[in-house]
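Peer 1: return a 3D structure for these sequence lines:
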Amino acid sequence: MKSITPKVLHEISGKPMLFHAIDAAKEVSNDITVVLYHQAERIQKEIAAVYEHIHFHLQDAAQFPGTGGAMKGVEIQHDKALILNGDMPLITTDSLHALLEGDADINMSVIELDDPNGYGRVVILDGKVHEIVEEKDCIPAQKEIKTVNAGVYCVKKELLDRYIPQLSNDNAQAEYYLTDIIKMAVDEGKTVHPVIVKEEEFKGVNSKLDLAHAEEIMQNRIRIKWMKAGVSMRLPETIYIDSRATFEGECILENGVSIQGNCHIIASHIKTHSVIEDAYIENSDVGPIGRIRPQSRIINSHIGNFVEVKKSTLTGVKAGHLAYIGDASIDEGTNLGAGVITCNYDGKQKYKTIIGKNVFVGSDTQIVAPVTIADDVLIAAGTTVNRDVEKGNLAISRTQMKTVKNFFYKFFQTSDNGEK
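Peer 2: The predicted structure follows:
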């Protein structure tokens with residue numbers, strides 16, 4: 001990946017790719033073990049911050065490298081073990097259920113490729129896996145085989161308990177290969193059943209290019225899911241939706257919208273090129289080019305173009321254009337004019353602004369927190385509010401305007417008819 005970040009922690013649609021695999025696994029099992037080695041402590045810490053009841057096993061890669069070595073010492077509670085790869089974020093629970101079906105000794109995922117060059121071939125005879133042949137070892141007839149190993153297995157616990165200790169690293173890479181258990185099972189006359197799976201779901205992510213391709217596939221799935229649930233999207237291919245985001249009611253997302261993080265949006269209209277981050281929005285419209293930052297709640301409100309809201313609760317508010325609202329609580333019927341700013345940061349700490357009902361805040365007003373503005377207040381354009389305002393009052397702080405007669409002509413040294 002050419003990155004200091006472990007491969008499995010690179011994000012796809014808002015979550016590390018490993019988390020997508022864990023989510024799918026949790027749908028089919030209550031016994032999940034993550035095998036760790038590279039940057040094990042960091043990965044375990046990130047998993048534990050999100051998930052409960054995950055087991056961890058540290059691979060002894062110095063003595064037992066390879067995929068087979070990863071399984072040495074792993075404790076399995078149930079009669080079958082489903083073995084997944086942490087860099088397969090696109091796998092679905094439907095495919096996992098297919099791998100769990102039946103009573104074969106091993107269910108093995110297999111992909112049918114139009115061009116299998118570069119892959120080991122899976123030889124299937126009478127509906128059963130006969131062997132896996134690496135491409136360099138294929139005879140001409142075997143190179144015509146289109147079936148290849150997708151790398152996910154469901155194996156009876158009894159076989160794993162016997163086969164894993166028998167694995168050998170007598171190969172060119174001096175590694176212990178999990179694929180060797182297939183040959184062991186076939187040699188014993190065990191049933192190895194091929195399960196045909198979709199190539200898209202079993203793609204491994206091994207580069208930033210693979211990551212981008214996986215993101216495209218995941219985004220398409222997410223958009224289809226929510227459009228089927230009733231969300232309208234204009235030019236959906238231009239819209240980004242985080243895998244953690246949820247929608248209720250009849251929502252509209254226009255082109256270029258980005259829904260990031262754990263957002264919940266109810267019956268709202270998000271207009272062109274707006275960005276919503278970890279926010280709750282209900283019965284409201286945002287944008288175009290609006291930004292709602294984390295920990296914001298927007299209810300029954302209009303947020304116009306070039307308005308930024310951060311860690312604020314707005315209920316029944318209009319903020320039509322060019323405003324910054326940070327660390328604020330604003331009640332219904334209040335209107336914020338263009339250029340209104342809550343000055344919430346003094347260089348050391350953040351402070352809160354509280355604005356009541358039916359407050360009219362004129363354009364180019366600065367509200368210096370901490371401050372409380374009561375209900376039914378008028379604030380004149382250009383005012384700096386630096387103390388509380390009581391109910392029913394007008395707040396105004398302007399220097400008196402003055403005019404200098406004929407100054408234009410003096411400044412440019414012209415006569416009043418425009419001659420120099």
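
Peer 1: residue ranges of the helices in the stretch 301-420 of the chain, please?
Peer 2: 407-412 (DSSP state H, counting those that start in this stretch).

Peer 1: hang on, I meant the stretch 1-150 of the chain
Peer 2: Using DSSP H, counting those that start in this stretch, helices in the stretch 1-150 of the chain cover 17-26, 40-48, 66-70, 93-100, 140-143.

Peer 1: tell me which of those helices lies nearest to Ser397.
Peer 2: helix 40-48 (49.7 Å; C-beta to C-beta). C-beta coordinates here come from the backbone N, C-alpha and C atoms, glycine included.

Peer 1: returning to what we had before: how about the helices of the stretch 1-150 of the chain in CSV, adding mean pLDDT?
Peer 2: Shown next, in CSV, are the helices of the stretch 1-150 of the chain (pLDDT from 0 to 100):
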stretch, mean pLDDT
helix 17-26, 97
helix 40-48, 98
helix 66-70, 96
helix 93-100, 96
helix 140-143, 91
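
Peer 1: okay, those in a markdown table with distance to Lys318 next?
Peer 2: Formatted as a markdown table, the entries for the helices of the stretch 1-150 of the chain read as follows, by distance: least, C-beta to C-beta, whole Å:
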| stretch | distance to Lys318 |
| --- | --- |
| helix 17-26 | 39 |
| helix 40-48 | 41 |
| helix 66-70 | 58 |
| helix 93-100 | 44 |
| helix 140-143 | 69 |
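
Peer 1: nearest to Gly333, of the ones you listed?
Peer 2: helix 17-26 (42.7 Å).

Peer 1: now do the buried residues in the closest one.
Peer 2: Met17, Leu18, Phe19, His20, Ala21, Ile22, Asp23, Ala24, Ala25 (16 or more other C-beta atoms under 10 Å).

Peer 1: could you do stretch 224-234 as well?
Peer 2: Trp226, Val231, Met233.

Peer 1: which other residues reach that stretch?
Peer 2: Defining contact as C-beta atoms under 8 Å, 6 or more residues apart in numbering, one finds that stretch 224-234 is touched by Arg223, Pro236, Ile239, Ile241, Phe247, Gly249, Glu250, Cys251, Ile252, Leu253, Glu254, Asn255.

Peer 1: change it to 10 Å
Peer 2: 223, 236, 239, 241, 243, 245-257, 259, 265, 269-272 (C-beta atoms under 10 Å, 6 or more residues apart in numbering).

Peer 1: Val340 and Pro194, how far apart?
Peer 2: Here Val340 is placed at a distance of 65 Å from Pro194 (C-beta to C-beta, to the nearest Å).

Peer 1: which one of the helices of the stretch 1-150 of the chain lies nearest to Asn406?
Peer 2: Closest among those, using C-beta to C-beta: helix 40-48, at 70.8 Å.

Peer 1: now that closest one against helix 17-26, angle please.
Peer 2: 50 degrees (axes from the mean of the first three to the mean of the last three C-alpha atoms, to 10 degrees).

Peer 1: what helices or strands is helix 40-48 leaning on?
Peer 2: strand 15-16, helix 17-26, strand 32-36, strand 54-58 (3 or more C-beta pairs under 10 Å, 6 or more residues apart in numbering; DSSP states H and E).

Peer 1: just the buried residues from the contacts of stretch 224-234, in ChimeraX please.
Peer 2: To isolate the buried ones among these in ChimeraX, judged by 16+ other C-beta under 10 Å, type:
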select :223,236,239,241,243,245,247,251,253,254,256,257,259,265,269,270,271,272
